[in-house]
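Undergrad: I'd like to go over a predicted model; first the sequence, then the structure.
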Amino acid sequence: MLLGAAAWAQGPSARAAANVAFPDAPAPQVVGLQAAPQPGAQQPAQSQPETLGSMRGVVVDRDGTVYEGAQVALTVSGGAAAESARTAISGSDGRFSFDGVAAGAFKLTVSASGFATQVVEGTLAAGESYEGKPIVLAMSSASSEVRVTASQSEIATAQLRQEETQHVLGVMPNFYVTYVPNAPPLTTRQKFQLAWKSSVDPMNFVVVGAVAGFEQATDSFPGYGQGARGYAKRYGASYADGAIGNLIGGAILASWWKQDPRYFYKGTGTVKARALYAIAFAVMCKGDNGKWQADYSAIVGGLAAGGISNLYYPAASRAGVGLTFESALVGTGLSAVQNLFQEFVVRRLTPKVPRYGAGKP
């Protein structure tokens, strides 16, 4: 004991000597230290995080109309670990999406009130961006037994009432558009009603007033003069232009030639297909028989309204026959632009668009 204590007191060399003096002593143990890796030795592979993918899709009804409000549940199995169910709701364009999806077998379960549940299964590869085919909702067996007894006229009346609540940003009338691809035709009375409602909507008077004010400021139609009298004449002419155009093209001629004056929103397909559809609608319309045809009502109605305007425009500002046709062509081009705006923008800005997908008349 004395020798060992003296050795610890004298330092490492003395302690080494002490160890030599006792060959039977146990070897010292070092705890918690690991041997340094040898040069060139292969290190154990570290697990890499799994690459996540994404899923996109669109929900439509049997008529091809996008369906808003469908619930889509996603479950994934077969990857590193099975995922619990995730849900999404289809938007106003019918689309839904899931990001950060693990690779493996997946199942999409789509449900909506009044429709049978649809199930889509497949396998998602690591990092894949999956774009599925449109998921078509089918009527449930219970719903398919319901018989609709309302007449075409009654259905059109109900839809027209809903269309008359459509206002862009809640204020601008947006009556001449239907979001039902197979909407029944309007009766003659309903066509005149739509023209009247559009002409007397309060916001229409505000817009006409702004147009008349701009014409007054730029001295358009100088024959009207300035002051309150000149503004009143410009206001009346601007209002008459819109009202007469709606009455002749949207009611009188549309009833005579049995054509629908409304724009039928497409909403599905590629951007190119929808754009071409909107442009073609400037010279085409749907007849009351459901078939597409040249829009004689709007074209001839524009020419007639231009000719009638010569009765109240100042003599120096009246358009001749050539200028009337030129104005009609310009009007057709503006109609194409308006249809493009209607197809891609207006629906998103109209808060009271009826959700026909949830239960179309």
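TA: Sure thing, it's come through. Numbers count the residues shown, from 1 in each chain.

Undergrad: tell me how far the residue nearest to the spatial centre of the chain lies from Val337.
TA: Nearest to the geometric centre of the chain sits Asp93, at 3.5 Å (C-alpha atoms, centre = their mean). Counting by C-beta to C-beta, to the nearest Å, the gap from Asp93 to Val337 is 22 Å. (Each C-beta comes from the backbone N, C-alpha and C, glycine too.)

Undergrad: show me where the chain dips below the pLDDT cut-off.
TA: Within the chain, the segments meeting pLDDT under 70 span 1-50, 78-84, 141-151, 319-320, 322-323, 326, 352-361.

Undergrad: how does it divide into domains?
TA: If you go by automatic domain parsing, the domain ranges for the chain are 53-141, 152-356.

Undergrad: residues touching Glu128, list them.
TA: Contact analysis of Glu128 by C-beta atoms under 8 Å, 6 or more residues apart in numbering lists Gly53, Ser54, Ala103.

Undergrad: tell me where this structure has helices.
TA: Counting by DSSP state H, one finds helices in the chain at the ranges 2-10, 12-21, 141-144, 152-163, 188-200, 202-217, 227-247, 253-256, 271-280, 296-308, 321-341, 347-349.

Undergrad: Gln71 is nearest to which of those helices?
TA: Gln71 sits nearest to helix 141-144 of all the helices of the chain, at 16.8 Å, using C-beta to C-beta.

Undergrad: ok so, going back, nearest to Asp61, out of the helices of the chain?
TA: helix 141-144 (11.9 Å).

Undergrad: okay, now the closest residue to Val119 other than its chain neighbours: neighbour count?
TA: Nearest residue to Val119, sequence neighbours excluded (C-beta to C-beta, 6 or more residues apart in numbering): Thr109, at 5.4 Å. For Thr109, the neighbour count with other C-beta atoms under 10 Å is 16.

Undergrad: ditto for the one 5 residues further on
TA: Taking other C-beta under 10 Å as the criterion, the count of residues near Gly114 is 14.

Undergrad: do I have it right that it meets Ser140?
TA: Yes: under the criterion of C-beta atoms under 8 Å, Gly114 makes contact with Ser140 at 6.4 Å.

Undergrad: follow-up on the earlier one: quick one: which of the contacts of Glu128 has the most company?
TA: Neighbour count (other C-beta under 10 Å) singles out Gly53 as the most crowded of the contacts of Glu128, with 21 neighbours.

Undergrad: contact partners for it?
TA: Val101, Ala102, Ala103, Leu124, Ala125, Ala126, Gly127, Glu128, Ser129, Tyr130.

Undergrad: show me what it is bridged to.
TA: Note on Gly53: beta-bridge partners by DSSP bridges are Val101.

Undergrad: number the residues from 45 up from this point.
TA: From this message on, residue numbering opens at 45, which makes the last subject Gly97.

Undergrad: and it, how far is that from Val365?
TA: For Gly97, the distance to Val365 equals 64 Å [C-beta to C-beta].

Undergrad: likewise Gln234?
TA: 34 Å.

Undergrad: have a look at the two and say which one is more surrounded.
TA: Per other C-beta under 10 Å, whichever of Gln234 and Val365 has more neighbours is Gln234, with 17 against 10.

Undergrad: separation between that one and Gly345?
TA: Relative to Gly345, Gln234 is positioned 17 Å away (C-beta to C-beta).

Undergrad: drop anything exposed from the contacts of Gly97.
TA: Neighbour counting over the contacts of Gly97 (16 or more other C-beta atoms under 10 Å) leaves Val145, Ala146, Ala147, Leu168, Tyr174 as the buried ones.

Undergrad: can I get these in CSV including distance to Val215?
TA: Formatted as CSV, these follow (distance: C-beta to C-beta, whole Å):
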residue, distance to Val215
Val145, 41
Ala146, 47
Ala147, 49
Leu168, 45
Tyr174, 41
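
Undergrad: pick out the most distant pair among the residues you listed.
TA: The largest separation in the buried ones among the contacts of Gly97, counting by C-beta to C-beta, is between Ala146 and Tyr174 at 12.4 Å.

Undergrad: shared neighbours, the two?
TA: Shared contacts of Ala146 and Tyr174, defined by C-beta under 8 Å, 6+ apart, comprise Gly97, Leu168.

Undergrad: quick one, what contacts the residue nearest to the centre of the chain?
TA: By C-beta under 8 Å, 6+ apart, Asp137 lies in contact with Val102, Val110, Glu112, Gly311.

Undergrad: ok, now Ala149?
TA: The contact partners of Ala149, taken as C-beta under 8 Å, 6+ apart, are Val120, Ser121, Gly122, Glu165, Gly166, Thr167, Leu168.

Undergrad: what is the nearest of these to Gln386?
TA: The closest of the contacts of Ala149 to Gln386 turns out to be Gly166 (C-beta to C-beta; 36.1 Å).

Undergrad: leaving out the residues flanking it, which one is nearest to that closest one?
TA: With sequence-adjacent residues excluded and distances taken as C-beta to C-beta, 6+ apart, Gly166 is closest to Phe150, at 6.0 Å.

Undergrad: name whatever forms a beta bridge with that neighbour.
TA: Going by DSSP bridges, Phe150 is paired in beta bridges with Val120, Gly166.

Undergrad: contacts only, for it.
TA: Applying C-beta under 8 Å, 6+ apart to Phe150 gives the contacts Met99, Leu118, Thr119, Val120, Ser121, Glu165, Gly166, Thr167, Leu168.

Undergrad: now a PyMOL select for only the buried ones of the residues you listed.
TA: Applying 16+ other C-beta under 10 Å to those leaves a buried subset, and the PyMOL line that selects it is:
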select buried, resi 99+118+119+120+168
